Structure formats: structure tokens, C-alpha cells
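> Got a predicted structure here, sequence first:
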Amino acid sequence: MVDLLALGWPLARAGEALTVLAAQAGLQPRLRELAAPGAAVLADPADASVERWLAGAAANLGLEAEAVDTDIAGVDDLLRAAAPAVLRVGPGGGTLLLLLRGGRRDLVLVAPDLRPRRVPAAEVRRLVCEPVLAPLRGRAEALVDRTGLKGQRRERAVELLLRERLGVLRVGRAFVLRPSPAAPLLRLLRAEGLLARATALAGLHAAELALMIAAWALIGDLVFAGRTDAGWSQAWLLLLLTIVPCRMGQAAIAGDILQRAGALLKRRLLVGALALPDDLTRREGAGLLLGRVLETAAVESLGLRGGLVSLVAALEFAAAVPILALGPAPALHLALLAAWAALGVVLVRRTGRHLAAWTDTRGELTHHLVEAMVGHRTRLAQEAPERWHDDDDARLVRVLAREARLNHSESLLVALLPRGWLVLGLAALLPAFVTGSAPPATVAAAIGGVLLAQRGLATFVVGATALLGCGVAVRQALPMLRAAESADAGAHGLMLSFPPVPEGQPIVVARGLGFRYPGRERPVLRDVDLEVAAGDRLLLEGGSGGGKSTLGALMAGLREPTSGLVLLAGLDRPTLGLVGWRRRVAAAPQFHENHVVTAPLAFNLLMGRGWPPTQAQLAEADAVCRELGLGELLERMPSGLQQMVGETGWQLSHGERSRLFIARALLQDVDLVVLDESFAALDPATLQQALRCVLTRARAVLVIAHP
Ligand SMILES: Nc1ncnc2c1ncn2[C@@H]1O[C@H](COP(=O)(O)OP(=O)(O)OP(=O)(O)O)[C@@H](O)[C@H]1O
């Protein structure tokens, strides 16, 4: 029996453990010194802060740690397929097992002496499940004992009974490690095994082509040399039959490539969409961004299919060239083929231009449509009905005209290129056929070459059209792909964790602070000095457009200064990272910048704390709501904290929304809360009540308001 806990790593060495596992699993982690989890994290290993720490540390190494929950019935699958992964085991999940290789019978763990150790999967399974099963084992054994079973059969019956009865109980968490979706593309492709699969696919297709050419050669020999013996026909049949498994293998590998690469691309685009710079989303508007997101679907479907099909086309072309070179009119055939391929390139480029123009007009149409939907209620109230659809027809006509041009160009490509070549290729063989100057077998092989090139051209058209679509879609998705590349850069800082700032000590200090919006000539803020200490209650007043919200955003780490310095607890943004900064300062932005997500009220309140919440967090959310005067609303809502709110849920009033935003900031349990005009919509009595709650609960507060 192996002492598995001795092979585990203590939580205090979690950073080192992640680095070692990632390096041994070939994930090429970024080599970076990670600070150990702080005392606050280690104090309660059962708390979600450990999981947040692990996720942040993985991001620092350029990796992604996906938390996977499993029930007892799913443990075997997890141990088989999750590697490389970190399993939390032992009391409170305070020990980490590093799963390097999974399996059904044996697993490989990385021990604290950095050596891989093979251990039986059943023992790891027992360690993971026993804390949940142990309390009920006695009852299960008593039940089985009444059946009279003995020895191993008794053990097995107890296990099966427990698994059957308790299969859905949740057991410990695992963190599956993989390269971050923002990692260099080549590393992602290699980690997913896509390069190896693409090579296998090309190999199988080349084998299929070789088999087909051999089959032609054989049939040519049979027909022209007049052989009639059965052995040759059987060999021909065998060659054709061998093509079947070749094709099946290709279909399976291609499906696998499409699925894996599709998932990879989706993850990258999602990361990019969430990391889009704030100013870009403002500048482009929801409509254009929605259009871009819709276009990204084409990147996957067209790009992947186009890539595979083009690979096949290139192989078919490459096989046709030597066959034609051995035919009766090699120079003429090869010259014609080169000219036809050049014509193909011209037609493809023309189609590409039409496709890009059509996509741009469609994007404009989506933008127009979304703007109309967002402003629908205002238009209903303010605009005469006969003007609602003013531009619609003109926009539709523009889209349809460009679509017609695209269709024409595409049909020329699809119809002319492969069929035209067939006519030309066969015509070039006519002299040899008529004069009988070449042996029949050579003519037959050349016909095969012409057909193969035609197949290559037809495949090329399909692949090129798909790649064109993909190219246009990539251009649309570019902001997201770029944002994905920089998504993890510095977001998690050095993962420092330290206790709350003591009373009277500075939390945020700004010196010589300046800020200028991109594209603006004059700075909004210049030479600002400000210090906010724990226990401070500050009010920032000023005229409209004076830069109050901008200063609030700088304090909350939502923007970086263009000159000067802002320090939080003595540390700068790169050291703390955006994630670290937000754990210390929470902001309730202005009304038009803040959003009620269509989700339960509790989700909206606890957004910054992770989901699902603990009972204690729910109780805290309930208490804050009541202190802010939302108690009566909670009573009225049939589902209380679980009531769906947002655009399609319970519609909150202006004042209720602003208190939800205040509660959301207070519940983040931070050193400093920045409230930007959060009280403007409240009547005097409610305002006093809300203010009392903020002053009691916040360790320090900066309130932005008009005089
Ligand atoms: N994203 C942006 N891009 C360019 N300029 C901006 C941007 N956001 C704000 N501004 C400009 O910067 C100036 C300061 O804006 P800010 O919102 O900080 O002022 P404020 O004092 O909070 O105003 P108010 O009291 O009206 O909310 C304004 O002139 C505004 O137009």
C-alpha cells in the first residue's frame, strides 16, 4: 500500500508544484518566480480563495487551470483523462497530488522529490472518495453482511453498493492544466496534438493517391496488354478495397482535427472577446462588435475545412504533375496546367475582394439593426413612426447588390476552372490519340493525370473559397484575436496576498497623476496628488466633465495613468496585476456604465466573489440589501435573492438598481470602495439610510458626486 499523502505537495508549495507539473508534462510554462499563497489563503484551505490562487498562479505561468468538479461515479473518468492535473486531497483539500499521466489501472504522480512515481489508480480513487464514503461505509457493510458474502466478494459488494447509492455526491476538485488560450498558436497546436494529426492525415491521403495510381496502372495494363488471368483482376480489386480503410481513417482524423481545433479557436476568441479594451468596445459600438462575433463562426467552419481541403488539393495536384510529365504531350500539358492554375489564382482574388465588400456592408447593416434595437424605446417616444425605417431599404439594396456581384464571381470560379481544364487537358491529347504515335497505356495514364488534376482543381476551388471566407472572417475577428494575445500579460501580477491595510495607513496614493484619453489633445487630469487611507470617508465634488469619474477609474485600477504614479498599499499595477488591484479596490461605476445581468439577484450582488456562493455569502448579501433599504423589495420578490432580474427578468427601478450597484461594491470585501454618483437617484430618506450602510460597512470610501 502506497502512502499517497507522502507523495502529495503541501499547499504552501503550490506555486512550485504547478511549475514542476507543467514542465514535466511538456506544457512549457513561463519561468517565473511565484510568491507562495499568503497566510490568508492558507488559513482556510476549504475556502474558494485557494482555487482563485491556483487559477491566478497558472495564468502567471502562461497556463490555464480549469477547475473540474466530479462526483463519485465520475472519478475513474477523471483519473483516466484529466492529466496533467492537480488533485486536492487530504483534510480540507490541503494536499496537492500532481497527476502527470492518467490511466485505468496505473497513474503517474510527480512526488515532492520531483521524481515521477507509478501508483495504482484504485488507491488514488480511494483517497479522493473515502472522506465522503467513510461515514456510510459501516451501514453498507452491515447490509452486505446480512447476505452472507465473504472475502473479496464482500469488499466488492460494499464498494458497488456505496457507488450506486452515493454516485452523485461531489468529491474533491481537480485542476486540469493546459496552455493558456492566449499562448503562441504553435504551442497550442502542438499541445492538442494537431500537428501530428495533420501529418497523419496527409500521409493517409498520399497513400490513397498512390493506391489509386497503382490501380490505374494495373487496369491500363490489363486492358491494353490484353491480360485476362484472374490474379491481375484480384490484385486490382484488392487495391481498390484498400482505399476504403484509407478513406475511413482520413474521415476520422479530419473530424478529430476539426473538433479539437474548433474548441481551441473558440476558447481563444472567448478570451479575446472578454479582454477587448474598454475604449474599443465604446468606439465600435455593440452592433459592430456583435457583427464581428457572428463572423467568427465562419473562421472556424470555413478556415478549418478550407485548410484541410487545400491540403488535399495540393496533394492531388502534386500527384498529377509527374503523371502528365510522363504522358505523350508533357510540355503542352504542364504549360496549360500552370496557366490554368494562374487563372484560378486571379479568379480567387477577385472573389475575395467581392466577399470582403459584401461582409463590410453586412456588418454595417448589423450595426444599424442593433443600434435601432437598443434605441427602440427612445425612438418609440421621440421619433415619428414614418421615419423609423428611413435608411433600411437603401442599406438592404446595397447588401443585395454586393451579394449579386459575389455570387457571379463565385459561379465563374466553380464552373469554369475545373471543367475548362478537363476540355483543354483532353484536347491536348487528341493529336497523340488520332495519329496513334503513343502507346495506348501512355495515353490512358495521361487521361488519368488530366482527371486527377481536374479533381485537384475542383478541390482547390472548394478549399480556396472556404479559406477566402475564413480570411475575411479573421479580419473581422482580429481585435479579439489580438486582445487574446495580450489577455494574460500582467493581469495577475505577482499573486501577492497580504492582510487588510490597518486603520490610518494609506491604501491608494497618487502623485503627479495625469491622464489623457487616446485621441484627445488635452489631458483630463494633470498633476493630481491624492491619498486615501484606511478609515477615510472622502467626497469628491466638481462640475460636469471635470474628470471625477476618470480619477475614480484610476483609483480602482480600471485605467492606467498616462503620467505620474498610483500605488496601492505601496505597490504598483504591474506588481499587483489587475486581478490583485481589484481584490483591494471595488468601484460602482456611473449608472450608464453599470449593468444588471439577466441572472438571479444573488448572482448580481456577488459577482465579484465567485459563483456558486456559500451560505455565509448569501446571508451577507441579504443583510447588506436590508441595510440599504431593499428589504421590502426582497419580501415582494417571489424568489427573494434567487429572483431573476435584468432585461428579461424582474425590472428594477432606478433607485433599486443604484442600491444593487452599491451592494455589489460593498460585498466585494475590499479596502476601498469608489462610488460614482451612486446616490443621485435616491430620495433624501433612502439616501441617508444607504449612506449609513456604506459608512458602517466600507473600510474606506471615496464618493463622487455633484455639488
Ligand atoms: N472614453 C472616453 N474617451 C474620450 N473622452 C472621454 C472618455 N470618457 C470621458 N471623456 C471625457 O473626459 C472628460 C472627463 O470625463 P469624466 O467622466 O471623468 O467627468 P466627470 O467629472 O465624471 O463628469 P460628470 O460629472 O458629468 O459625470 C469629459 O470631457 C469627457 O467627455
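Received it, and whenever you're ready, just let me know what you need.
> which parts of the stretch 501-650 of the chain sit against the ligand?
Contact residues (Cβ under 6 Å from any ligand atom) of the stretch 501-650 of the chain with the ligand: 517, 520, 524, 542, 544-550. Backbone N, C-alpha and C define where each C-beta goes, glycine included.
> Could you identify which of those residues has the most neighbours?
Highest neighbour count within those: Lys548, with 22 neighbours (other Cβ atoms under 10 Å).
> show me the contacts for that residue.
Contact analysis of Lys548 by Cβ atoms under 8 Å, 6 or more residues apart in numbering lists 540-542, 676, 704.
> Whichever of those residues end up buried, select them in ChimeraX.
Selection of buried members from those for ChimeraX, criterion 16 or more other Cβ atoms under 10 Å:
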select :540,676,704
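> which ones among the contacts of Lys548 are found in strands?
Counting by DSSP state E, the contacts of Lys548 place 540-541, 676, 704 in strands.
> Between which two of the residues you listed is the distance greatest?
Pairwise distances across the ones in strands among the contacts of Lys548 (Cβ to Cβ) peak at 12.3 Å, for the pair Glu541 and Asp676.
> Which residue would be the closest one in the stretch 351-500 of the chain to the ligand?
Closest residue of the stretch 351-500 of the chain to the ligand, Cβ to the nearest ligand atom: Pro479 (16.5 Å).
> That residue belongs to a strand, doesn't it?
No - read with DSSP: H, G, I helix; E, B strand; the rest coil, Pro479 is helix and lies in no strand.
> Looks like it contacts Arg292 (just checking).
Yes - in terms of Cβ atoms under 8 Å, Pro479 counts as a neighbour of Arg292; the distance is 6.9 Å.
> which neighbours do these two share?
Contact criterion Cβ under 8 Å, 6+ apart; residues shared by Pro479 and Arg292: Glu284.
> So these two - more neighbours on which side?
Arg292 (23 against 19).
> Work out for me the element that one sits within.
Element membership for Arg292, per DSSP states H and E: helix 278-298.
> next structured bit after that helix?
Downstream of helix 278-298, the first helix or strand assigned by DSSP H and E is helix 304-325.
> could you measure the residue lying closest to Arg482 once chain neighbours are set aside against the ligand, distance?
Closest residue to Arg482 apart from its sequence neighbours, by Cβ to Cβ, 6 or more residues apart in numbering: Gly272 at 7.2 Å. The spacing between Gly272 and the ligand, counted by Cβ to the nearest ligand atom, to the nearest Å, is 21 Å.
> Cys625 too?
Distance, Cys625 to the ligand, by Cβ to the nearest ligand atom: 26 Å.
> where do the helices sit along the stretch 351-500 of the chain?
Using DSSP state H, counting those that start in this stretch, the helices of the stretch 351-500 of the chain run over 376-382, 392-427, 430-435, 440-485.
> Can you give the contact residues for the first one?
Residues outside helix 376-382 that contact it (Cβ under 8 Å, 6+ apart) are 372, 388.
> what pLDDT, on average, does it get?
Here helix 376-382 scores 84 as its mean pLDDT.
> Count the neighbours of Leu288 for me.
Leu288 has 20 nearby residues by other Cβ under 10 Å.
> Tell me how far it lies from Ala25.
Leu288 sits 40 Å away from Ala25, going by Cβ to Cβ, to the nearest Å.
> Gly8 now?
Gly8 sits 17 Å away from Ala25, going by Cβ to Cβ.
> repeat for Ala681
Where Ala25 is concerned, Ala681 sits at a distance of 53 Å (Cβ to Cβ).
> do Gly649 as well
Separation of Gly649 from Ala25 (Cβ to Cβ) stands at 43 Å.
> Comparing these two, which shows the higher neighbour count?
Ala25 (21 against 17).
> Ignoring the adjacent residues along the chain, who's closest to the more buried one?
Leaving out its chain neighbours, the residue that sits closest to Ala25 by Cβ to Cβ, 6+ apart is Pro84, at 3.7 Å.
> contacting residues for the one you found?
Pro84 is in contact with 21-22, 24-25, 27, 98-100, 176-177, counting by Cβ under 8 Å, 6+ apart.
> Wait, Ala681 touches Gln590, no?
No - using Cβ under 8 Å, Ala681 is not in contact with Gln590, being 11.1 Å away.
> What residues does the chain have near the ligand?
Applying Cβ under 6 Å from any ligand atom, we find that the chain lies next to the ligand at 279, 282, 517, 520, 524, 542, 544-550.
> Out of the residues you listed, list just those in helices.
When the residues of the chain next to the ligand are checked against helices (DSSP state H), the matches are 279, 282, 548-550.
> The ligand versus Arg154, what's the distance?
On the measure of Cβ to the nearest ligand atom, Arg154 and the ligand end up 71 Å apart.
> Let me know whether my guess that that residue is in a helix holds.
Yes - Arg154: assigned to a helix according to three-state DSSP.
> quick one: pLDDT of it?
88.
> Tell me the confidence at Asp671?
Asp671 carries a pLDDT value of 92.
> Begin at 19, not 1, for the rest of this chat.
With the count now opening at 19, the last piece we talked about shows up as Asp689.
> my read: it touches Val603, true?
Yes - using Cβ under 8 Å, Asp689 is in contact with Val603, at 6.7 Å.
> Touching both of the two, which residues are there?
Common neighbours of Asp689 and Val603, using Cβ under 8 Å, 6+ apart, are Ile525.
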